[in-house]
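Asks: Provide a 3D model corresponding to the input given below.
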Amino acid sequence: MSFSYYAASVRPELVEGPYYFARQKDGASTGSARTEEGVSGALRIAGYAAIFGIEDRGGDIIEPGAFAATLAAQPPDGLPLLWQHDPLRRIGTVTYAAEDRKGLRVIAQLTPEGTALASRDWGGGLSFGYRVRMSEGTRPRRLLALDLVEVSLVRLPMQALARVHQIFGESS
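Replies: Below you'll find the predicted structure:
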């Protein structure tokens, strides 16, 4: 079973072809995380994958409450944390996701590959993949209800303020 979704607030007309995130019947991701040798230690990150009330680079504004229904139905094993929205590079698991006054706050546990990437040239950006359930208007489009599919570490987030603000643990 597969489904398409928007990644990083990118609309289909802005990119070639749809994004796909495939899941097996048991709910596991079809992609597997690759690890890098020589990386030890585990990192956890905390930050905002989405900020409310600010227009992003794609012309979308996320309204408070947009994630409420999807967070209530969040899978018990957490959401996938991907590298640059690539479903073949699962680099961790989002262990906490909740809305607050500012936006969608997340905490994630990184794999060894995720730890290596976060220690290099990443830049601290966060983004998320989603499906729109309800929206109003165009340019700017107000996103009222979203299905959250994944969170990603990205070099250039669609929302400039969507960033990691805390890193826990150590890497060597």
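Asks: just for the protein, where's the confidence low?
Replies: Across the chain, the stretches falling below the confidence threshold (pLDDT under 70) are 1-41, 170-172.
Asks: which residues in it form helices?
Replies: Using DSSP state H, the helices assigned to the chain run over residues 68-72, 112-118.
Asks: could you say what helices and strands the last one packs with?
Replies: The one in question is helix 112-118. strand 43-51, strand 79-83, strand 86-99, strand 141-154 (3 or more Cβ pairs under 8 Å, 6 or more residues apart in numbering; DSSP states H and E). To be clear about C-beta, it is placed using only N, CA and C from the backbone, and glycine gets the same treatment.
Asks: One more: the first one?
Replies: With contacts defined as 3+ Cβ pairs under 8 Å, 6+ apart, the secondary structure elements packing on helix 68-72 are strand 86-99, strand 141-154.
Asks: Most tightly packed of the ones you listed?
Replies: Among those, judged by mean count of other Cβ atoms under 10 Å, the one packed with the most neighbours on average is strand 141-154 (a mean of 22).
Asks: Relative to the whole chain's centre, how far out is it?
Replies: What separates the centre of strand 141-154 from the centre of its chain is 7 Å, taken as Cα atoms, centre = their mean, to the nearest Å.
Asks: That one pairs with which strands?
Replies: Strands flanking strand 141-154 in the sheet, each with its direction: strand 60-62 (parallel), strand 79-83 (parallel), strand 125-136 (antiparallel) (DSSP bridges).
Asks: Let me have those in TSV, adding distance to residue 106 and mean neighbour count as columns.
Replies: As requested, these are arranged in TSV below (distance: least, Cβ to Cβ, whole Å; neighbours: other Cβ atoms under 10 Å):
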stretch	distance to residue 106	mean neighbour count
strand 60-62	14	25
strand 79-83	8	25
strand 125-136	7	20
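Asks: Distance to residue 46 for these - can I get that in CSV?
Replies: Putting the strands paired with strand 141-154 into CSV (distance: least, Cβ to Cβ, whole Å) gives the following:
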stretch, distance to residue 46
strand 60-62, 19
strand 79-83, 12
strand 125-136, 10
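Asks: right, and those strands - which one's nearest residue 149?
Replies: Taking Cβ to Cβ as the measure, these were each checked against residue 149, and strand 125-136 came out nearest at 4.2 Å.
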